[in-house]
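Trainee: coords please:
(one chain, ligands or ions: 1)
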Amino acid sequence: MAAVPTLARRIARSGVRPLCRWPLAWGRAARQPPGLPLAPCRAFSNNKILVELDESSGVAMMKFKSPPVNSLSLDFLTEFCISLEKLENDRACRGVIFASAVPRIFSSGLDITEMSGKSMEHYAEFWRAVQEMWLRLYGSNMVTIAAVNGSSPAGGCLVALSCDYRIMVENPKFSIGLNEAQLGIVAPFWFKDTFVNVVGHRIAERSLQLGSLYPAPEALKFGLVDELVPEEKLQEKAMAVMAQWLALPDHARQLTKSMMRKAVLDRLVAHREEDVQNFVSFISKESIQKSLRMYMEMLKKKKS
Ligand SMILES: CC/C=C\C/C=C\C/C=C\CCC/C=C/C(=O)SCCNC(=O)CCNC(=O)[C@H](O)C(C)(C)COP(=O)(O)OP(=O)(O)OC[C@H]1O[C@@H](n2cnc3c(N)ncnc32)[C@H](O)[C@@H]1OP(=O)(O)O
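Mentor: Numbering: from 1, shown residues only. Got it, this is the predicted structure:
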């Protein structure tokens, strides 16, 4: 295989731009009463993700803004990893809330166009980026809360599952789940492990085999999400839950989180390259490529 672009090289190519006091619609700056000086706040933005860190509370808001559906493309994943790493290394940041800036969609999951009609090298590079995203998010020392303000299939669901807490908008039109089987593909073992750790083995097994997507009220019933709220209350609720989690000493919470997640993280770390090779050989099969093409066709037909 050709030389693999490292995350560092992808970071260098991506050109993250620091911004000062970015007025996010969902951010502290937007809530600041006019005329008052802003409390310390730092923000940075790249093409697909906006981040605002409120230094007074230690809470960052990360918003996905990759229309039409926040699909997890290679560029998106690279920006996600850079943003998370910056926050992880920032002593002022103790917690992150993830939400979407795209109406009705949290994230549509892995970008199918990255897994279809591309070279083996591209599939390998893409899969390394997916692994990196999960390792950083699931292994984060910060408190992570998913404010799921829209549908969240497959990889989008994985992002939410990898957080410490999930709050979803109570709209029954918004669905969430690991629906890979519906595309004729298979959720890898670390997607499955993350899912099992949230909902338990039986529900995970049934849901994965059926590729089930659950409307928000159903997802709440078996703990796929922790709470439902009306859309207008989502930010307030996410901040309240964050305050509750941040009230504990960081070291105790972090060590506990690590104890609960380490085995699952270590399993991928130990088999990372093997997992890449499995993905590449699976996804490049003509039968799998055909399934993905048919699925994309189905998405397009649904519109007309
Ligand atoms: C033993 C094991 C052996 C081997 C295993 C080894 C490896 C594992 C192998 C594979 C693992 C892969 C894991 C994959 C994870 C994934 O995340 S796959 C992606 C799954 N996602 C979906 O199924 C969601 C599909 N999308 C939708 O359902 C809908 O688009 C939506 C509900 C998100 C939004 O609906 P609408 O608002 O109605 O929007 P449209 O449907 O019209 O979409 C607009 C536009 O966006 C395109 N699009 C949608 N989703 C994606 C996507 N995920 N990737 C790329 N593009 C997407 C859609 O086609 C439309 O495009 P245009 O028609 O406008 O060009």
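
Trainee: ok, and what's touching the longest helix anywhere in the chain?
Mentor: In the chain, assigned by DSSP state H, the helix with the most residues is helix 250-270. Applying C-beta atoms under 8 Å, 6 or more residues apart in numbering, the contact partners of helix 250-270 are 94, 131, 134-135, 138-139, 141, 143, 164, 189-190, 193-194, 197, 245, 275. Backbone N, C-alpha and C define where each C-beta goes, glycine included.

Trainee: The following helix or strand past it close to the ligand?
Mentor: Toward the C-terminus, helix 250-270 is succeeded by helix 272-283 as the next helix or strand (DSSP states H and E). Yes: using C-beta under 6 Å from any ligand atom, helix 272-283 reaches the ligand at 278-279, 282-283.

Trainee: again, but for stretch 107-119
Mentor: Yes: Stretch 107-119 is in contact with the ligand by C-beta under 6 Å from any ligand atom, via 108-113.

Trainee: Could I have the ChimeraX command that selects the buried members from the residues you listed?
Mentor: In ChimeraX, a selection of the buried entries from these looks like this (16 or more other C-beta atoms under 10 Å):
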select :108,109,110,111,112
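
Trainee: Using a markdown table, lay out the residues of stretch 107-119 next to the ligand together with secondary structure and pLDDT.
Mentor: A markdown table is the format used below for those (DSSP: H, G, I helix; E, B strand; the rest coil; pLDDT from 0 to 100):
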| residue | secondary structure | pLDDT |
| --- | --- | --- |
| Ser108 | coil | 98 |
| Gly109 | coil | 98 |
| Leu110 | strand | 98 |
| Asp111 | coil | 98 |
| Ile112 | helix | 98 |
| Thr113 | helix | 98 |
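
Trainee: starting at the chain centroid, how far to the longest helix of the chain?
Mentor: Centre-to-centre, helix 250-270 and its host chain are 18 Å apart (C-alpha atoms, centre = their mean, to the nearest Å).
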